[in-house]
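Q: Fold the stuff below for me.
(3 chains, ligands or ions: 2)
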Amino acid sequence: MTFSLIAFAILLALVFARVPIAFAMALVGGVGFALMRGWGPAGSMVGNAVFETGLNYSLSVVPLFIFMGNVLAGSGIAQGLFAAADRVFGRMRGGLAMATVLSCGGFSAVCGSSLATAATMSKVTMPSMRRFGYSDSLATGAIAAGGTLGILIPPSVVLIIFGLLTESDIGKLFLAGIVPGILGIVGYLLAVMVAVRLRPELAPKVGDPHPLSRKDAISVVAVLALFVFIMGGIYGGFFTPIEAAGMGAGAALLIAFATGGLSRAGLWQAFLDSAGASAMIFAIIIGAEIFGNFINFAGLPYALSNFVSDVGLSPWLVLLAIVLIYMVLGCVLESLSMILLTVPVFYPLVMDLDFGLAILQDPDMVLAWFAIIVVVVTEISLITPPIGMNVFVLRSVLPDVALGTIFRGVVVFWVADIVRLSLIIALPVLSLFLLQ
Amino acid sequence: QDLVMSSWLPPKHPIVVNAFEPWAEDVEKVTDGRVTVRIMGKPLGSPPAHFDMARDGVADITYGLHSFTEDDRFTRAKLGQFSFLGDDAVENSKAYWAIYGGDLDAAKEHEGTHLLGLFMHGPGLLHNNVRKIEKPEDMQGLKIRVPGGYVADLVSALGAAPLFMSSPEVYEKLSRGVIDGVAFTYEAMTAFNLTDYIKYSMSVPGGIYNTTWFFVINEDKWNEISEEDRAAIDAISGEAFAERVGKAWNDADDKAKEEIGDKVDFYEASPEVVAALTKAADRLEAAWADQLSGYDGAAALAKFRKMTGVRGE
Amino acid sequence: MTPTGPDVSKTGAGEAPDMIPGRATHRQAVWYRLLAVVAAVLILCLIGVTCIDVVGRYLLNRPFGGAYELTQMLLAALVFVALPLTTADGGHVEVDLVLHMVPERVQWALGRLAGVLSALVLGYFAWRLALLGVSQMDEGTRSASLALPMAPLAFLAALSCAVSALIMVLPRTAP
Ligand code: NA
Ligand code: NA
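A: Ligands and ions are numbered 1, 2, ... in the order given. The predicted structure follows:
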């Protein structure tokens, strides 16, 4: 236990000294394992972890869902979504920020990653909001928060990884994410309304929105069609959730060519970005695997579950404690490594709890509900300082906006997230009624 | 000594609960607490890596399927993967331990480790949801998920299309009609929630296939244990473990049969189908025996069947 | 994210988003373009394998038995072909939060240290993957249904990690 805590401390030190998270985890995990087991075994473990992660069939969804999102981003679909959302909210104060939230939600329905959603939408919505004199903090806050929906509204790379870690039905997890995702959109819209009500100077009134062009309408239809194709394909039994990634990517290419929105340079960029992002994600998965093996060997999960049962907390308090641990970890850990490190520790713990609700009698339901809780907490961590990945993405896309400005803008959305999280925990039926 | 065991099956799997965990407790008992076994809640590597993990000392003790890795290592281990070997997991496992562990020198194929056990599960069946297979032609065109190369050759000899995928994928594909059937045990039908998607389950005397498992400890680690304790552990391993794990498989199969009840039509293969399967199986068995140099595969198979009483010859 | 990163905003609105914050552009280098082309082809193949499998099973009632394994192999190839690209782009997730509070010289020193440590890790990966490849060659390890040899994949992975390690120790400069 002490040994693993020291290791965690060294890991954080390395991470803050700018060692890439993937290699910091591999380094601490590998050396820690070697100190306990010897170098030969550690080497063998590391070699296997690297090789087998590359060969993991289910992880094929990572490059494919990312590619799908990148192709659509490159073909101008995000602009269309934004224009359409602007028609809905354009006349209201803060309408552009609300349109940003809604179009982020729409793009999330065809993009599996939050970072990609935030990066794409920032390029589309930020120029408009700036042109009309929106404050940078509200504008970037709306994008950073709206972007987090990418991993809750299906398809979602994170839900797939959760499904793999817990051997649960990924299709069901996708279904469970829909209502909480819509709830997220509504919460963020309310957050914008409250923000501009309290401080009207954040968002000046904008004139009538532009009429919807044919191209914008096509974009909306394309997104809807692709979402229905993916979800319908999964639930209609035509393909598995893993195959859905390949089919979705193929369909996205067809849509891009059919609408003619994708240039050759755009296509090339989509390939390049997807390959790069995949290697980055796989490096993190490999690092987390190595570090996880060390933590597992050092007996941390075991000590933790013993601790919980010794203290004898009520199930709801245990869940609350887990959520709090996630909130704390979410401040300092990158989202994917957080899930890879913690879900194997916590999910057996949660599965053993009896919450006394009829809807949670089925273990699959408990797992789906827990998955949504974990994803929502992860979404929150994406915008919580000091390590909020979505905020980092925005800063690198918009280098002239200070990190502090973005984090300030995020506060009101963060509050909305906490309310949503409480609702999702208190009312499991929100996540689960589509599954019944 | 505290031995670390990496386990990749779900923690509640019948052979974890009814074989490995009790074995681990018994190790502590028979060595008066000098040797303990800690079973990890989460494996230290992917399932196929588990033999190498014990050999290289990543974990001290591991178990796994010989067919996980497709290579030239466990050639003689295939003895236990053929058809018509036995309907009782205890008898199968004891015969496998005796013959593969004895005549076929299993220790040599598991170099770098000490063998704690070699075992098999209950008989494999052919489940499908299209039609009752009454004559060999009924197999034509069925898409069947198979666990390995031998069963693939067997079903394709009868005109079915073999497909490979991981076990958890079977549910996804069977429920979507991507595959028509699967070669599995009784236990796997309930373990993977397949009952609703299977209509017919055909058994053949002695099983249509089986899988073989190793249960090993790192050799250096083994040698660090005192001679007295090694003897005590050996006494509850090997044949005794074959008995224990075989019973765990049998009980799991019985429980599954009870749970499924009459939701699935269980039936014995017709003599025609058995004959067709036997013809294909004989050819595959001969091909396997031919490639063993210095070991008599045919004699080993005959001895196996005699021990389990499948064929009286 | 990465203090050495270039001004990504220059990429303009029409292009696809940068997935990775703060990547540097190495697109002129021949090896980079070559690897990128291979990665693009591998992504297309991944899509193709699934689509042919799914469409084939409905239109022709002929599933493509090797789809599972081909996907595995293509995925591994893609990941390891792309690893040097991401590494060259400075695309790995890093945290530069604290660094802004220290003098530039310290930043630079920490950056180098991070590079060397990363290179050590990647070099070790390469070494262990090469050992794995050798033992797979000795044991004749191959895939279950298509009987494809696994060793070449392990050597590809080893090479990829070795190249990435080299990139990591070379001083990083913004273009
Ligand atoms: Na999504
Ligand atoms: Na955070």
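Q: Spatially central residue for the chain, please.
A: Picking chain A for this. residue A:151 (3.3 Å; C-alpha atoms, centre = their mean).
Q: Not quite, go with chain B.
A: residue B:211 (2.6 Å).
Q: is the nearest residue to it once chain neighbours are set aside in a bridge, and if so with what?
A: In space, and not counting its chain neighbours, residue B:211 is closest to residue B:65: 5.4 Å by C-beta to C-beta, 6 or more residues apart in numbering or on different chains. Yep, even glycine has a C-beta here, placed from its N, CA and C like the rest. With DSSP bridges applied, residue B:65 shows beta-bridge pairing to residue B:213.
Q: any idea how far residue B:65 is from ligand 1?
A: Distance, residue B:65 to ligand 1, using C-beta to the ion, to the nearest Å: 36 Å.
Q: I figured that residue was touching residue B:167, is that so?
A: No. Contact criterion C-beta atoms under 8 Å: residue B:65 and residue B:167 do not qualify, at 10.8 Å.
Q: Compare these two and say which is more crowded by neighbours.
A: The residue with more neighbours, out of residue B:65 and residue B:167, is residue B:65; 20 against 14, by other C-beta atoms under 10 Å in any protein chain shown.
Q: Tell me who's in contact with that one.
A: Residues in contact with residue B:65 (C-beta atoms under 8 Å, 6 or more residues apart in numbering or on different chains) are B:47, B:211, B:212, B:213, B:214.
Q: Test for you: state the pLDDT assigned to it.
A: At residue B:65, the model reports a pLDDT of 93.
Q: What about residue 143, how many residues nearby?
A: In the absence of a named chain, chain A is used. Counted with other C-beta under 10 Å, residue A:143 comes out at 34.
Q: actually it's chain B I care about, not the one you picked
A: Counted with other C-beta under 10 Å, residues neighbouring residue B:143 total 24.
Q: can you count the residues close to whatever residue of the stretch 301-436 of chain A ends up closest to chain C?
A: Per C-beta to the nearest C-beta, the residue of the stretch 301-436 of chain A with the smallest distance to chain C is residue A:396, at 3.5 Å. Number of residues near residue A:396 (other C-beta under 10 Å) recorded here: 22.
Q: would you list every one of the strands in the chain?
A: With no chain named, the answer covers chain A. Assigned by DSSP state E, the strands in chain A number zero.
Q: My question was about chain B, not that one.
A: Taking DSSP E, the strands of chain B run over residues B:2-6, B:36-39, B:61-65, B:113-120, B:125-128, B:143-145, B:161-163, B:181-184, B:200-203, B:212-218, B:265-268.
Q: and those, which one's lowest on average pLDDT?
A: Among the strands of chain B, strand B:161-163 carries the lowest mean pLDDT (a mean of 86).
Q: who's in contact with the closest residue to residue B:38 other than its chain neighbours?
A: Computed as C-beta to C-beta, 6+ apart, the closest residue to residue B:38 that is not its neighbour in sequence is residue B:4, at 5.4 Å. When contacts are counted by C-beta under 8 Å, 6+ apart, residue B:4 touches A:297, B:37, B:38, B:40, B:59, B:60, B:61.
Q: got a list of what whatever residue of chain B ends up closest to ligand 1 touches?
A: The minimum distance from chain B to ligand 1, using C-beta to the ion, falls at residue B:172 (20.2 Å). Residue B:172 is in contact with A:171, A:240, A:241, A:242, B:178, counting by C-beta under 8 Å, 6+ apart.
Q: and of the residues you listed, the nearest to ligand 1?
A: Comparing those against ligand 1 with C-beta to the ion picks out residue A:241 as the nearest, at 12.6 Å.
Q: how big is the angle separating the lengthiest helix in chain A from strand B:2-6?
A: Among the segments of chain A that qualify as a helix by DSSP state H, the longest is helix A:264-298. For helix A:264-298 against strand B:2-6, the angle by axes from the mean of the first three to the mean of the last three C-alpha atoms, to 10 degrees is 150 degrees.
Q: what about the closest residue to chain A within chain C, neighbour count?
A: Among the residues of chain C, residue C:50 lies nearest to chain A; the distance is 2.6 Å by C-beta to the nearest C-beta. Residue C:50 is flanked by 27 other residues according to other C-beta under 10 Å.
Q: can I assume it sits in a helix?
A: Yes. Counting by DSSP: H, G, I helix; E, B strand; the rest coil, one finds residue C:50 located in a helix.
Q: any idea of the mean pLDDT in the lengthiest helix in chain C?
A: Counting residues, the longest helix found in chain C (DSSP H) is helix C:104-139. Summarised as a single mean, pLDDT over helix C:104-139 is 92.
Q: buried residues in it?
A: C:107, C:110-111, C:114-115, C:117-130, C:132-133, C:136, C:139 (16 or more other C-beta atoms under 10 Å in any protein chain shown).
Q: what does stretch A:153-172 give?
A: The neighbour-count check on stretch A:153-172 (16+ other C-beta under 10 Å) flags A:153-166, A:168-172 as buried.
Q: Just the residues you listed: which are in helices?
A: Per DSSP H, the buried residues of stretch A:153-172 map to helices at A:157-166, A:170-172.
Q: possible to save these as a markdown table with pLDDT?
A: A markdown table is the format used below for these (pLDDT from 0 to 100):
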| residue | pLDDT |
| --- | --- |
| A:157 | 85 |
| A:158 | 89 |
| A:159 | 91 |
| A:160 | 84 |
| A:161 | 83 |
| A:162 | 89 |
| A:163 | 85 |
| A:164 | 77 |
| A:165 | 77 |
| A:166 | 81 |
| A:170 | 83 |
| A:171 | 84 |
| A:172 | 88 |
